[in-house]
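Colleague: Pasting the sequence and the predicted model now:
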Amino acid sequence: MSSDIKIKDVALHSSATTLQALPAEGIPEIAIIGRSNVGKSTLLNRLTGRKKLAYTSSVPGKTQSFQSYEVHTTYNGEEHLLHLVDLPGFGYAKFAKKKREYISRLTVDYIMHRHCLRGIFLLTDIRREPKEDELSIQSLTYENGVPLVIVLTKADKIKKGELKKRQKEVAAAYALEAEDLLITGEKLSTTSLWQQIHLLTALPE
Ligand SMILES: Nc1nc2c(ncn2[C@@H]2O[C@H](COP(=O)(O)OP(=O)(O)O)[C@@H](O)[C@H]2O)c(=O)[nH]1
Ligand SMILES: [Mg+2]
């Protein structure tokens with residue numbers, strides 16, 4: 001199937017530190033979740049083709065709010081409006097325990113109660129193993145019927161010949177098959193990610 005994807009328009013809609021401050025329920029939403037520094041903001045910039053849309057940083061723990069981006073696309077000639085949401089990174093050890101707990105409670109509440117949430121991209125660095133944080137998000141999405149896609153980031157950081165092997169290993173840690181996982185990295189196409197986003201957001205509620 002050919003898939004012609006165009007990003008017509010993209011803008012930061014809102015920045016929220018509580019669930020009440022998120023955009024009103026309605027527009028289908030895809031959340032980008034993962035530990036601090038895994039590449040969430042970079043993926044957003046890559047998906048939207050805007051280099052500086054989301055704030056990226058080599059210093060972990062910078063984004064502590066839910067950044068909602070309103071994205072207007074055309075996909076195979078049809079118009080779509082959706083929200084991509086950059087969530088606060090978890091697992092940043094330098095944050096005070098209270099702040100870490102607040103972020104993880106917000107994330108759990110969001111997954112459990114956000115009606116317009118159509119799917120989660122859970123980012124995992126291709127060079128690392130998923131830990132308890134990632135695995136507990138995985139179970140939470142299963143328990144709440146929220147579609148989950150594991151996205152391996154920083155694929156350019158490993159040798160091409162090792163890609164398949166790592167994909168298989170990380171998939172196994174999530175009890176998934178290698179083909180279930182998507183991959184992102186410098187110079188890699190985002191087409192498969194966009195196909196997944198459109199598939200998830202086009203589903204009826
Ligand atoms: N080589 C490489 N570096 C990346 C990639 N994605 C993110 N980074 C780098 O990793 C650091 C953290 O990225 P960022 O998007 O801010 O992570 P976030 O905290 O999850 O939003 C930055 O220095 C990025 O340039 C990638 O795909 N390849
Ligand atoms: Mg970020």
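Modeller: Yep, that arrived. Ligands and ions are numbered 1, 2, ... in the order given.
Colleague: Go ahead and list the helix or strand containing the nearest residue to I197 once chain neighbours are set aside.
Modeller: Nearest residue to I197, sequence neighbours excluded (CB to CB, 6 or more residues apart in numbering): I30, at 5.4 Å. Every residue, glycine included, has its C-beta placed from N, CA and C. Element membership of I30, judged by DSSP states H and E, is strand 29-33.
Colleague: Check E134 too.
Modeller: Going by DSSP H and E, E134 is in helix 132-143.
Colleague: packing partners for the longest helix belonging to the chain?
Modeller: Counting residues, the longest helix found in the chain (DSSP state H) is helix 97-113. For helix 97-113, the packing partners by 3 or more CB pairs under 8 Å, 6 or more residues apart in numbering; DSSP states H and E come out as strand 29-33, strand 117-125, helix 132-143.
Colleague: Could you pull out the buried residues of that helix?
Modeller: R100, Y102, I103, S104, L106, T107, Y110, I111 (16 or more other CB atoms under 10 Å).
Colleague: Throw those residues into a markdown table and include distance to ligand 1 and pLDDT, thanks.
Modeller: Supplementary listing: those in a markdown table, determined by distance: CB to the nearest ligand atom, whole Å; pLDDT from 0 to 100:
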| residue | distance to ligand 1 | pLDDT |
| --- | --- | --- |
| R100 | 15 | 75 |
| Y102 | 17 | 77 |
| I103 | 12 | 78 |
| S104 | 15 | 83 |
| L106 | 16 | 89 |
| T107 | 13 | 92 |
| Y110 | 16 | 95 |
| I111 | 18 | 95 |
